[in-house]
Structures are given as C-alpha cells and as structure tokens.
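**Q** Here is my input, please return the structure:
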Amino acid sequence: MPAVLALAAHPDDIEFLFAGTLLRLQAAGWDLHYCNLSSGNLGSLTLSAADTRRTREAEAREASARLGATWHAPFCDDLEILYTVPNLRRAAGIIRSVQPRILLTHSPVDYMEDHIVTCRLAVTAAFARGMPNFWTEPGHTHVEQDVTIYHAMPHGLVTPLREAVLPDLFVDTAGVHEAKRAALDCHRSQKAWLDASQGMDSHLGAMEEFSRRVGRLSGRFEHAEGWRRRLHLGYSAHDDDPLANALQEFVTPRPQRPASSFQPPAL
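**A** Next up is the predicted model:
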C-alpha cells in the first residue's frame, strides 16, 4: 500500500489545509501518516504551556484517528521550529520510517515562519532519504524510493508581500468535507485562541470560506484544496505526479487565466 505523509507545523494545520486530500487518498487505497512538528504549546491565553501541550496533543491524536492516519509525535514547540541539524535528523527519521510516495507540506512562502521552516525541513529531509551517510534520529537505513512533494496553499492565498499564489492542481474535497470539518473540530481549544490572536471569527468558518474560495478558483468544485508540485530534481522522475494519478476523477489543473486576474482577499 503506498503511503502519504502530511508534515505540517501546528496541530490543526493538516485539518485546515491537507485533510480533504488525505481522505481522498485513503479512499483510493493509500496509507495515511500525520505529523505536526510543533506541540502547539503557545496556543492558549489561559492554560500554561505544559497544559496546552498536553491538551493539543490529545486533540491532534483524536483528529488523526478520525482521519484514519498514523500519528507521529511532534518534536518542537511553537516559534521553535528552527532549521537545525537535530530537527533535520528527526524529520528525516520520520520520512525514512514512513517511506512516503507523496509528501504534503506547507507552501515555501507563507504568513508564518513556523510554516516556512517546516517546509524547508520537510524538503531537505526528503532529499536526504537516500543518503547513507546522513544519520537520522531515530536511526533508519536510507531508502531509494521516489517521493513527490506537493506544497499546500499559503494562508490567504498570498505571500507575506501580498503577491497572489495559485495552485497548479485542485483536489475536489466536497465529498469528504464533513469528515474534514469533523477532524478540525477536534481542536476544540483553538476556537478562542484563534478568535483572539489572529482575528479568525471561527476556525471552522475560516476553513469553510477558504475551502470554498479555492473551489471557486478551480472553476469546477464547490470545495477544494490546492497544491503546487515541487520540482522533481532530487526526488523523483521528471513527470512523476502520483497525486494526480491516484485521484484522477477528483482533480483538475489550474484554469488557464492570467494570475493578474486573481484578487487576493482583504486581510
């Protein structure tokens, strides 16, 4: 059974950005793996960091179980996802143990540094999967299997400099939207935190609007998740596109229209 690894920064990022695609792949016979690098320990205005860490781990485990995914423990804290050799060895250890054919991670540019560094760790750890002299934590033998990396959409569909970012590929998530929403709803502690810290009126409502917005961009789907396929060099054959191949009836490429026609949302 081929495996897909979702490697994100914080508890609830996978549910917000990746979960619909994961559920589609699961229905197509794929083995799901779920990892947030951060414990989410700063995601509360009222709990201590230790209590928040415990609460968010329980929520993430529940969400992962709802998705039917294998949960992998975080090894960083919020704002401490740093591009360091120890973190690279931990990320590479997960990739070698899972041996994913598809790796889903954040956009290379995004609104938050944790997302950007998670992406950097993910792509370098994947690059190192086949290097026998790079040791991982825990130790795993190098692997030679191809892996194809897909980057999720940045928050707000823009770069930090407000430049539009459009997907190359859209995945129709309408049929699994309620399951995606139920998984996100497992992160009960985040409603008040996101309302206060990031102006999200409701994290469920924000996900709903984002999903519909990406769906409208597809020109076909009511709800969608958008992906950009990373350059193949160092990872796979040049034409390798396992996500499109696995979900043929549920994907569509970006409609042909100029990026200048895209109107970013008011932030």
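**Q** Mind jotting down where the strands sit in the protein?
**A** 3-8, 31-36, 70-72, 102-105, 148-152, 169-172, 224-229, 251-253 (DSSP state E).
**Q** Kindly list the single helix or strand of the chain that scores lowest on mean pLDDT.
**A** When the helices and strands of the chain are scored by mean pLDDT, DSSP states H and E, helix 190-198 comes last with a mean of 73.
**Q** and that one, which residues are buried?
**A** Using 16 or more other Cβ atoms under 10 Å as the test for burial, helix 190-198 gives 190, 193-194. In this view, the C-beta of every residue, glycine as well, is placed from N, C-alpha and C.
**Q** hmm, back to that, quick one: closest of the strands of the chain to Leu17.
**A** Ranking the strands of the chain by proximity to Leu17 (Cβ to Cβ) places strand 148-152 first, at 4.3 Å.
**Q** distance between the closest one and the chain's centre?
**A** Here the centre of strand 148-152 is set off from its chain's centre by 9 Å, with Cα atoms, centre = their mean, to the nearest Å.
**Q** Need the residues that contact it.
**A** Residues outside strand 148-152 that contact it (Cβ atoms under 8 Å, 6 or more residues apart in numbering) are 17-18, 101-108, 119, 122-123, 126, 169, 225-230, 232, 235-236, 240-243.
**Q** Return the distance of the nearest residue to His203 once chain neighbours are set aside relative to Ala128.
**A** Spatial nearest neighbour of His203, chain neighbours left out: Leu194 (4.8 Å); criterion: Cβ to Cβ, 6 or more residues apart in numbering. Leu194 sits 34 Å away from Ala128, going by Cβ to Cβ, to the nearest Å.
**Q** for Ile81, same thing?
**A** Distance check for Ile81 against Ala128: by Cβ to Cβ, it reads 18 Å.
**Q** So between the two, which is more surrounded?
**A** Remark: of Ile81 and Ala128, Ile81 carries more neighbours, 25 against 20, as counted by other Cβ atoms under 10 Å.
**Q** so the more buried one makes contact with Arg120?
**A** No. Contact criterion Cβ atoms under 8 Å: Ile81 and Arg120 do not qualify, at 9.4 Å.
**Q** Look at the residue of the chain most remote from its centre and report its pLDDT.
**A** Residue farthest from the centre of the chain, counting by Cα atoms, centre = their mean, is Asn133 at 28.3 Å. Per-residue pLDDT puts Asn133 at 97.
**Q** all numbers from here: first residue = 53
**A** Taking 53 as the first residue, the last one we looked at is Asn185.
**Q** Can you tell me how far it is from Thr136?
**A** With Cβ to Cβ as the criterion, Asn185 and Thr136 are 19 Å apart.
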